[in-house]
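**Q** Quick one, fold the following:
(3 chains)
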Amino acid sequence: MAVVLEQSPAVRPRPQSRWLQAWRRYSRNYFAVAGLIWVILFLLTGIIGPWIAPYGYADTDFLNVYQGPSWQHIMGTDNLGHDMFSQILWSTRFAIEIAFGATLVSFVIGVILGLWAGLAGGITDMLIMRLVDFMYAFPSYFLNLILVVKFGRGLLPILFAIGITGWAGYARLIRSLVLSLRNSDMVEAARALGASPVHIARKYVFPNVMTNMVVALAFGIPYDLTAQAALSVVGLGPAPPMPSFGNLVANANANILGYPWLLYFPAGIFALTLLSFQFVADGLQEALNPKGGN
Amino acid sequence: MADALLTVENLAVEFQRNRDRIYAVNGVSFSIAPGEALGIVGESGSGKSVTLLSVLGLIAENGRITSGSAVFQGRDLLKLRRRELEEIRGRDIGMIFQNPMTSLNPVMRVGDQIMEVMLTHHVASPKEAYRRTIELLEEMGIPEPEVRFRNYPHEFSGGMRQRIMIAIAIACNPQLLIADEPTTALDVTVQMQILSLLRDLRQTKGMAVALITHDFGVAANFCDRLIVMYAGSVVEVASRAEFIRRPMHPYTLALKESIIEVGHRHREVRAIPGMAPVLTSPPNFCAFADRCPFAIDRCRNERPQLRSFGNGHGVACHRAEEVLELVH
Amino acid sequence: MAIVRFLIKRIVAIILTMSGVIAVAYVMMYYAPGSFFSSSQIASALGQLAVQDPHAYQVTLKMFEERYGLDKPLWEQVLKYIWYSLTFNFGNSYENPNVSIISQLKVALPISLELAFGSVVVALIIGLPLGIIAALKRNSWLDYTLSTLSMTGQAIPAFVLAVLFILLFGVVWPGTLPINGWGTFGNVVLPVLSLAAPNIGTFARFVRGSLIEVLRQDYIRTAQAKGVPYWRMIFRHAIRNSLTALITVVGPTFAFTVVGTVWVEDIFGIPGLGKMLASAFGNLDYPLAITSVYLLCMLVMVTNLIVDLCYAWLDPRVKLE
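**A** Down below sits the predicted model:
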């Protein structure tokens, strides 16, 4: 039939699940798909890396320093004779632990404060939002530096230093979601029809919140990856012998004129990883929150 | 009509939306005489706005004019280059739009927005343009024009903003004013004021007005002649008197019945059953057939052409005669 | 005057915020093990001096103890430190106990300001046209290329880019551009580019999005209906409106850039505030470290204030409050 009645449910095909639709939109974005493949490889490397690493991360070989790539050390060795390949595998492991851990810490704090502010309202809301505004205006990197100086350069101190400074965005997001959902017609209508709060939450609130969460987390992880590497720039990265991409890049930079190849693998892999996470986050945003198309 | 101001002939416009092609205007013809008030009536989506916007090259970029001509002062607007069309817009043809709240540039003083149209078309020096802007604001019934000149749009009410839009549209004394749902977004009392302002302007300046509206009452009140559109086609065209005396198209009848007659005994509002269709193929049938109580098989298989019934009254309905007989 | 009231309110807010931060930080540091401000910390920081010149060591130690009132109760120390900070009385650093921090700042701060503002301006000059082109040619291959490049710029942090520049101009094409130091025009190029690249991406993407949004607005159609020529419509009506929105991202972008100066100055060996901060943290020189953090944060807050003023000036709908 040539006449299509708009908004007529009888004519429209049954809508697919929103996640399936989102995936179809996502898979049309080639950069996002390429990014996803790299991110998956990166995560797998982080999981199995320690088992396939030919050397331990603290193993040094003073007879073979500053080696170019060879069969023995496929990515070469650094100034202390660390095997670059093993260093990168372990760095991946630690980078994932810190980034995911820190994002989780930020997220939990953000959810708690955001829910609290949104549900309590009044003066509590105002105070929490003031704090959020402050955290936004205050460059969190400096807080990270102070916290790391104070609490040490181990994996957990770094993780928490980044985690407890990065929650402002999540808190703001959660609060605005709480407010918009509390006032939304959809929830209002469901309540008027006698739907139970649990049903409303599961059917209306949760899916809406989920998509926004996923996008926020997808942007949060590369941010935290960057934050931890940035600590190494001023020499406050993980204490040796623990390797990290930041340390590897900083170390390569210190020796760059004599031994530039030290930079290629860590900087290349790190840059590609950040880029991939960015593409994935961006792809997810477009797939999950399509704004009217073009 | 050799002396017509604007003659649109067989205009067709399509839009590309995702994978669908939408046939928004399908072979529309009409003309406007100098000084005439023409009403173009239809539901939203009937193609009434697109018809006139496309003539001025103002449709969205996914729209395309596929056929037709629109001759204005001896030139076919559809064949002009962008530059030439820009010279006509605002100078010879003024436009006002549905939503005065969003139609003015929020970061520009309203006076500058009125002056801009005169300066663009070099019809006045900056000094003259300023003087004329103050005059226009006064004419539009805006108090303290020198002060208001320097205000921004958000400092005005909706009705006031529409007056400013009208001032912009008529600043260069165009011969044709296209008013696209000029009162839809306004309160009823403000609607009346704006319409009477337009009526006064038409009388004093002698400009033709094309009033696009979904409100049959407004159109019948304001216009000399009316065109009723449905799904991108003209279904009926006639003078106001003819429309009041003997409307013939079933859709027009339904539209007339859906007017709320305030102060009337029967305040019943009868909505037309069903929805206005969006055409995804060119109509070789009557698009109203699905909602029409008079529809027969022929309506679904053959597109009705506009047929003349005398007195300039044209109807595009296979069963116009039967409808006329049944109703009157 | 609304603007004077607004300014006073905001400046008071900045002072209160900074005081609050200092107080919290100081108390936190005080109770945490190995307090920043304790005689033993200072003593260990001055260890080298103690070996070289025991007398000078005693004098210096005394000076620091007195300055921070380490024998006084905590609340007095906190108030003292807040007062010092607000009056820009930063004292001396552990590293150079004979030179006041403020005299070091006179050299370092202008350099960092030049870098930070310069890179934001460069980013605007490059990012705006790219965003405008992408928006006007949206969904073309040019748009996709620009968007991908912008995203790449956003994803790669300034310190990685800086190191890559060093690789490029130190190893691949040595001698074309200086990769270390400060003072000539050539010294400015690479640091500014490293800092500007992420911002170029941010600005280009933001302008693209907001311009596409603006071009859909009714007032653009009004401008066209007035017969305003295309390019004048784009510049006077469309771009002017999307710029007011852009102002809102300049603030956060600037904060981001200020952090970036720390990395870039350290990597390119530029004697600015960022380099000062980096080496202060490296040497655990707390007076200097905290002073530089304090100043960089002030810089961010003052810039945010200026951004808000610009926003109100550009968009008549915004009221200062």
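
**Q** So chain C: which segments form each domain?
**A** C:2-101, C:105-314 (automatic domain parsing).

**Q** Next up, the contacts around the residue nearest to the spatial centre of chain A.
**A** For chain A, the residue nearest the mean C-alpha position is A:Ile221 (0.8 Å; CA atoms, centre = their mean). Applying CB atoms under 8 Å, 6 or more residues apart in numbering or on different chains, we find A:Ile221 in contact with A:Ala99, A:Phe100, A:Thr103, A:Phe277, A:Ala281. In this view, the C-beta of every residue, glycine as well, is placed from N, C-alpha and C.

**Q** For the third one, grab the count of nearby residues.
**A** Right, the one you point to is A:Thr103. 26 (other CB atoms under 10 Å in any protein chain shown).

**Q** Give the ranges of residues in the chain that sit below the confidence cut-off.
**A** No chain specified, so I'll use chain A. Filtered on pLDDT under 70, chain A yields the residue ranges A:1-16, A:205, A:290-294.

**Q** hm, I was asking about chain B
**A** B:1-2, B:258-276, B:328.

**Q** picking that back up, ok but the residue nearest to the centre of chain A is inside a helix, no?
**A** Yes. Counting by DSSP: H, G, I helix; E, B strand; the rest coil, A:Ile221 falls inside a helix.

**Q** what secondary structure does B:Ser29 sit in?
**A** Assignment for B:Ser29 (three-state DSSP): strand.

**Q** Skip the chain neighbours and tell me the closest residue to it.
**A** Of all residues not flanking B:Ser29 in the chain, B:Glu9 sits nearest, at 5.0 Å (CB to CB, 6 or more residues apart in numbering or on different chains).

**Q** In three-state terms, label that neighbour for me.
**A** Assigned with three-state DSSP, B:Glu9 falls in the strand class.

**Q** quick one: contacts for it?
**A** B:Ser29, B:Gly68, B:Ser69, B:Ala70, B:Val71.

**Q** And it, how far from chain A?
**A** 25 Å (CB to the nearest CB, to the nearest Å).

**Q** Can you tell me which of the domains of chain C is nearest to B:Val234?
**A** B:Val234 lies closest, by CB to CB, to one member of the domains of chain C: domain C:105-314, at 23.6 Å.

**Q** give me the element B:Phe243 is part of.
**A** Using DSSP states H and E, B:Phe243 sits in helix B:240-245.

**Q** So which bits of that helix are buried?
**A** Neighbour-count burial for helix B:240-245 flags B:Arg240, B:Glu242, B:Phe243 (criterion: 16 or more other CB atoms under 10 Å in any protein chain shown).

**Q** Tell me how many other residues surround residue 120.
**A** No chain specified, so I'll use chain A. Number of residues near A:Ala120 (other CB under 10 Å) recorded here: 12.

**Q** try again with chain C
**A** For C:Val120, the count of nearby residues is 23 (other CB under 10 Å).

**Q** Repeat that for C:Ile306.
**A** C:Ile306 has 13 neighbours, counted by other CB under 10 Å.

**Q** Could you do B:Pro277 as well?
**A** Residues near B:Pro277, counting by other CB under 10 Å, number 23.

**Q** ditto for A:Gly154
**A** Neighbour count of A:Gly154, defined by other CB under 10 Å: 12.

**Q** close enough to count as contact, B:Pro100 and B:His154?
**A** No. Counting by CB atoms under 8 Å, B:His154 is not a contact partner of B:Pro100; they are 11.8 Å apart.

**Q** what about the two, which has more around it?
**A** For B:Pro100 against B:His154, the residue with the higher neighbour count under other CB under 10 Å is B:Pro100, and the figures read 28 against 13.

**Q** Quickly note the distance from that one to chain A.
**A** With distances taken as CB to the nearest CB, B:Pro100 is found 23 Å from chain A.

**Q** Could you confirm that residue falls within a helix?
**A** No. Checked against three-state DSSP, B:Pro100 lies outside a helix; its state is coil.

**Q** one step back: which of the buried residues of helix B:240-245 lies closest to B:Ser196?
**A** In terms of CB to CB, no member of those lies closer to B:Ser196 than B:Arg240, at 17.1 Å.

**Q** what's near enough to touch that closest one?
**A** B:Arg240 makes contacts with B:Ala220, B:Cys223, B:Asp224, B:Arg225, B:Leu226, as judged by CB under 8 Å, 6+ apart.

**Q** Would you agree the third one is in contact with B:Ala241?
**A** No. Under the criterion of CB under 8 Å, B:Asp224 makes no contact with B:Ala241, lying 9.3 Å away.

**Q** hang on, the earlier thing: which two of the contacts of A:Ile221 have the greatest separation?
**A** Using CB to CB, the pair of the contacts of A:Ile221 lying farthest apart is A:Phe100 and A:Ala281, separated by 14.4 Å.

**Q** thinking again about what came up before, let's see which of the contacts of B:Glu9 end up in strands.
**A** Secondary structure from DSSP state E places B:Ser29, B:Gly68, B:Ser69, B:Ala70, B:Val71 of the contacts of B:Glu9 in strands.

**Q** ok, back up a step: tabulate the buried residues of helix B:240-245 (TSV), appending distance to A:Pro139.
**A** TSV is the format used below for the buried residues of helix B:240-245 (distance: CB to CB, whole Å):
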residue	distance to A:Pro139
B:Arg240	69
B:Glu242	74
B:Phe243	70
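
**Q** how far is the helix holding B:Phe243 from where the chain is centred?
**A** 19 Å (CA atoms, centre = their mean, to the nearest Å).

**Q** got it, and stretch B:65-79?
**A** Using CA atoms, centre = their mean, the offset of stretch B:65-79 from its chain centre is 17 Å.

**Q** how about it: buried residues?
**A** B:Ile65, B:Gly68, B:Ser69, B:Ala70, B:Val71, B:Phe72, B:Leu77, B:Leu78.

**Q** hmm, who's touching it?
**A** Contacts to stretch B:65-79, defined as CB under 8 Å, 6+ apart, come from residues B:5-14, B:27-28, B:54-57, B:59, B:85, B:88, B:92-93, B:175-176.

**Q** can you rerun that using 7 Å?
**A** Taking contacts as CB atoms under 7 Å, 6 or more residues apart in numbering or on different chains, the residues outside stretch B:65-79 that touch it are B:5-14, B:54-56, B:85, B:88.

**Q** Same question for stretch B:282-301.
**A** Contacts to stretch B:282-301, defined as CB under 7 Å, 6+ apart, come from residues A:3, B:23, B:26, B:230-231, B:233, B:235, B:250-251, B:272-274, B:277, B:279, B:302-304, B:318-319, B:322-323.

**Q** And it, what's buried?
**A** Within stretch B:282-301, the residues that qualify as buried by neighbour count (16+ other CB under 10 Å) are B:282-283, B:285-292, B:294-295, B:299.
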